[in-house]
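1. build the 3D model from these lines:
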Amino acid sequence: MELLVIALGGNAILQRGEKGTFEEQYNNVKNTAKDLANLVEAGYKLVITHGNGPQVGATLLRHEAGQKMFGIPAFPMDVCGAETQGFIGYMIQQALGNELKLRGINKHVVTVITRVIVDKDDPAFKNPTKPVGPFYTREEAEELAKKRPDWVIREDSGRGYRRVVPSPDPKIIAERYAIKTLAENGFIVVASGGGGIPIVEEEGIARGVEAVIDKDLAGERLATLIRADRFIILTDVDGAYLNYGTPQQKKLGVVKLSEMKRYYQEGHFKQGSMGPKVLASIRFVENGGKEAIIAKLGTVIKALEGKEGTHIVPD
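-> The predicted structure follows:
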């Protein structure tokens, strides 16, 4: 029975144009749960990871509003990440658990609040690039810079000013042994949500840091460390393309590892979208995985049958 790590894209939880109400998000998760239940019914062991970008942004806004209006202390980013892991995990647990019960499948879903160890000397800490939280006017940004000299605030694509934080490379999934043990014993595990809670270890003591880890790169670390057979990234497009968005665009089907590395190095995949997904897939196969798949949400069974998606395989 193969072990799959399924990385859910943001559209599994929140669709474009939605406000982000709990009802909207839970309905999306219920639809996603049907696909996940199909995998369980087909006999696969599952570990599920997911994004949390819009959710953690909304959580930061809530904390900021609570502090401004009522004087309630705002929590740091690592704690906000843990909050979103908890509530998204709850939605997946409930929706998938209900779907399995309807099908008469006796399986339990658990969420593991997951920390990801990063290098305290990662160059990203000296060059924050990941925008988080609300937009500010120039005046608000200047005032905030005085109050929070530890923050880096930059203009964001003409839309206003935002805080930017480091995005370090994930090294180790702290809870990897627990996740692997649960999966091997028949539990469906939700883990490493939003790229995990970034921590550094100094003299054996862990502490959270203000950073955001790319969810797909963290998903690869999880898949590799628990020795998953396949790593599947489900997103809002049907695979990876060369020359995407141009008249010359070409969808990639089955691609050998060395060939995909060449395409990545040639710059075919944008860093803000497909780039991390392709890099994560390359790393997984390099580290001994059987296959990495990038496919559209809703097509996972066909993707596993080789009928959909982009498949990165060993040479």
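
2. the strands in the stretch 51-200 of the chain, which residues?
-> Ranges of strands within the stretch 51-200 of the chain are 109-112, 115-118, 130-136, 152-155, 161-165, 170-173, 188-191, 197-202, based on DSSP state E, counting those that start in this stretch.

3. mind telling me which of these the model trusts least?
-> Of all the strands of the stretch 51-200 of the chain, strand 130-136 carries the lowest average pLDDT, namely a mean of 82.

4. residue 204 and residue 258, how far apart?
-> Note on residue 204: its distance to residue 258, by C-beta to C-beta, to the nearest Å, is 39 Å. (Each C-beta comes from the backbone N, C-alpha and C, glycine too.)

5. again with residue 231
-> From residue 231 across to residue 258, the span is 18 Å (C-beta to C-beta).

6. and the two? Which one has more around it.
-> Set side by side, residue 231 and residue 258 show more neighbours around residue 231, with 30 against 10, by other C-beta atoms under 10 Å.

7. the helix or strand that one falls within packs against which elements?
-> In the assignment (DSSP states H and E), residue 231 maps to strand 230-235. Secondary-structure packing of strand 230-235 (3 or more C-beta pairs under 8 Å, 6 or more residues apart in numbering; DSSP states H and E): strand 3-8, helix 215-225, helix 274-286, strand 291-296, helix 300-304.

8. state the mean pLDDT of the longest helix belonging to the chain.
-> Criterion DSSP state H: the longest helix present in the chain is helix 77-102. Across helix 77-102, the average pLDDT comes to 97.

9. and that helix, what does it pack against?
-> With contacts taken as 3+ C-beta pairs under 8 Å, 6+ apart, helix 77-102 sits against helix 22-41, strand 45-50, helix 53-70, strand 109-112, strand 188-191, strand 197-202, strand 205-208.

10. partners of the helix or strand that the strand holding residue 231 is followed by, with directions?
-> Later in the chain than strand 230-235, the nearest helix or strand by DSSP H and E is strand 241-242. When pairing is defined by DSSP bridges, strand 241-242 lines up against strand 250-251 (antiparallel).

11. a markdown table for the helices and strands packed on helix 77-102, including distance to residue 171?
-> Formatted as a markdown table, these follow (distance: least, C-beta to C-beta, whole Å):
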| stretch | distance to residue 171 |
| --- | --- |
| helix 22-41 | 28 |
| strand 45-50 | 16 |
| helix 53-70 | 21 |
| strand 109-112 | 18 |
| strand 188-191 | 16 |
| strand 197-202 | 10 |
| strand 205-208 | 13 |
